[in-house]
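J.: One predicted model, sequence on top.
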Amino acid sequence: MERAASILFSGVRLDRKKFAADIAIFRQEMRRQSPFNSSNFSLDEAVDGFSLFGKSESVVSSSSDGKMKKKKKLSAKEIEERKQIERQIEVLNLYGCKSFLLRNLAERGFKEPTPIQRQAIPVLLSGRECFACAPTGSGKTLAFLLPLIMKLKAIILCPTRELAAQTTRECKKLVKGKKFYIKLMTKELSRSNNFEKMHCDILVSTPLRLDYAIEKKKLDLSRVEFLILDESDKLFELGFVEQIDSVVKACSNPSIVRSLFSATLPDSVEELARSIMHDAVRIIIGRKNSASTLVKQSLVFTGTEKGKLIALRQNFSESLNPPILVFVQSKERAKELYKELVFDNIKADVIHADLNQFQREAAVDNFRAGTTWVLIATDVVARGMDFKGVNCVINYDFPESAAAYIHRIGRSGRAGRKGEAITLYTEEDVPFLRNVANVMVASGCEVPKWILSLPKLRQKKHRPQRDSISTLSNGQEE
Ligand SMILES: Nc1ncnc2c1ncn2[C@@H]1O[C@H](COP(=O)(O)OP(=O)(O)OP(=O)(O)O)[C@@H](O)[C@H]1O
């Protein structure tokens, strides 16, 4: 039998001797200050947060070494704000956040932790599991990356390759200047026969690739200390469950800390999670399963499929305010819509699962760089992707569920910025409007009353057969 690759995660460790004094202070402070260090919380208790990015306009500037500098004479209100920010940075210091992390955070303009970060970081650092639900774009990634970098030997599972690559990039930015081994499980790596020799502190992967490495290459994960399931409700869906099961079993360290993060965590997932989590802290920021309040949302009736193309063209001709993300329900439809838009002299591109890795990466990079104005996408980029400054999300095809709606529109209105979402619907979508309308109302948007009084539907997913997107099939000649 092939020997298990046991050296994985034998990379960088904290030099406990060298940092003994720091560790002692940190431990004392943790015990003294942290509300999370004892058994104060259980899965049944919620830790509720409130405003997101509430204090993002600070008057404090940071030098490259992360120290605060006074810029001008401050008013009493400004002094109070400044003290608050200093207290928040102290929180990170308190939990042993090393100067390189503070410096890298400051370099990226992150002056204060967001509510989910304030809640989740100390929980994970104290070795408690957590079940975290916070709106799209509210900084969940950093909420688990920071403690993982401080603790190491972690696996992060993401539902798509794009998200796994993005999370790896984020993690590498945070450890800039330090020698950490942050790995993305690529196809090539998952086929490696050399795991024994690979140093790895944090491994980011999709379930499929990690499962392959475990099953076929005997990758040993018995020493992993943290397992994060990002977009966890997606990972608990059919199609992923077996792979997740395999990873959970392979991470056999009895003291493993497993945690779940998502903007949508339905009760059914919470129930399932209870079976694999030990006494987890439940952190809910804002309302559970709700859309970002920063996104102005509207519904547009187009009657038929033909009407959608007209509505889209009209919208673009009135005000094209890129970057814009347009979601469709399948790769076939993504290709069809792309063919239409290239005729309109719009810098459009497309991303779906039929493209190879290189093409998918190029589509994401060009959209990020602003070379692409309109990115037509399937749900492959609906979750977790952080495209900065997306002005508008257009749901060309009605989303298949309320959760899909929340994640799609959450590509806009991130990190405290405002955004917009327009959802087109046809006669066929009317019975499914109510679920999305409820989400809209909960995040403060207006919805016509008749939609809210539509009958409740039992059927959860809506992905109808639609007429193809084509000018020609609409009876118009080129
Ligand atoms: N403390 C902070 N201060 C300022 N910006 C931050 C902070 N933390 C994170 N951000 C930025 O906020 C944006 C959104 O963060 P992130 O991608 O982690 O959101 P998320 O909650 O995981 O969203 P989603 O549910 O869509 O995955 C990113 O651009 C990130 O760099």
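T.: On my side now, so go ahead.
J.: Just checking stretch 370-387 against the ligand, any contact.
T.: Yes - on the criterion C-beta under 6 Å from any ligand atom, stretch 370-387 is in touch with the ligand at 384, 386. Every C-beta, even on glycine, is put in place using the N, C-alpha and C of the backbone.
J.: and the stretch 351-478 of the chain, which of its residues are near the ligand?
T.: Counting by C-beta under 6 Å from any ligand atom, the stretch 351-478 of the chain sits next to the ligand at 384, 386, 388, 410, 414-415.
J.: How much space separates Asn395 from the ligand?
T.: Distance from Asn395 to the ligand, counting by C-beta to the nearest ligand atom, to the nearest Å: 16 Å.
J.: Just to check, Val248 is in contact with Ile276?
T.: Yes - shown here, Val248 and Ile276 form a contact pair, counting by C-beta atoms under 8 Å, at 5.8 Å.
J.: joint contacts of those two?
T.: Shared contacts of Val248 and Ile276, defined by C-beta atoms under 8 Å, 6 or more residues apart in numbering, comprise Arg258.
J.: and Arg274, how many neighbours?
T.: For Arg274, the neighbour count with other C-beta atoms under 10 Å is 14.
J.: do you know how far it is from Leu260?
T.: 11 Å (C-beta to C-beta, to the nearest Å).
J.: hang on, Phe367 is in a helix, isn't it?
T.: Yes - under DSSP: H, G, I helix; E, B strand; the rest coil, Phe367 falls within a helix.
J.: Let me know the pLDDT of it.
T.: pLDDT recorded at Phe367 is 96.
J.: Contacts only, for it.
T.: Here Phe367 is in contact with 323, 349, 375, 387 (criterion: C-beta under 8 Å, 6+ apart).
J.: so where does His462 fall, helix or strand?
T.: For His462, there is no enclosing helix or strand under DSSP states H and E.
J.: Sorry, wrong one. I was asking about Val436.
T.: For Val436, the host element (DSSP H and E) is helix 433-442.
J.: and if you look at Lys172?
T.: For Lys172, the host element (DSSP H and E) is helix 161-174.
J.: Ok, Leu260 next?
T.: Taking DSSP H and E as the definition, Leu260 sits inside strand 257-262.
J.: Report the central residue of the protein.
T.: Geometric centre of the chain, nearest residue: Gly384, 3.1 Å, by C-alpha atoms, centre = their mean.
J.: Surely Ala334 forms part of a helix?
T.: Yes - assessed by three-state DSSP, Ala334 belongs to a helix.
J.: Could you pull up the residues touching it?
T.: Per C-beta under 8 Å, 6+ apart, neighbours of Ala334: 328, 350-352, 376-378.
J.: residues from the chain in reach of the ligand?
T.: So far as C-beta under 6 Å from any ligand atom goes, the chain lies against the ligand at 110, 113-114, 117, 134, 136-142, 263, 384, 386, 388, 410, 414-415.
J.: Quick one, which of these are buried?
T.: The neighbour-count criterion (16 or more other C-beta atoms under 10 Å) marks 110, 113-114, 117, 134, 136-142, 263, 384, 386, 410, 414-415 among the residues of the chain next to the ligand as buried.
J.: low pLDDT regions in the stretch 51-200 of the chain?
T.: Where the stretch 51-200 of the chain drops to pLDDT under 70, the residues are 51-72, 80-95.
J.: where exactly do the strands run in it?
T.: Remark: strands assigned in the stretch 51-200 of the chain by DSSP state E, counting those that start in this stretch are 61-62, 68-69, 130-133, 154-157, 182-184.
J.: Serialize these to a markdown table and add fields for mean neighbour count.
T.: Compiled in a markdown table, those are given as follows (neighbours: other C-beta atoms under 10 Å):
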| stretch | mean neighbour count |
| --- | --- |
| strand 61-62 | 16 |
| strand 68-69 | 12 |
| strand 130-133 | 27 |
| strand 154-157 | 27 |
| strand 182-184 | 21 |
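J.: Now stretch 229-244: average pLDDT?
T.: 93.
J.: which residues touch it?
T.: Stretch 229-244 is contacted from outside by 140-141, 144, 156-159, 163, 167, 207-208, 210-211, 258-262, 264-266, 269, 272-273, 383-384, 403, 407, using C-beta under 8 Å, 6+ apart.
J.: What residues sit buried inside it?
T.: Under the neighbour-count criterion of 16+ other C-beta under 10 Å, stretch 229-244 has 229-236, 240, 243-244 buried.
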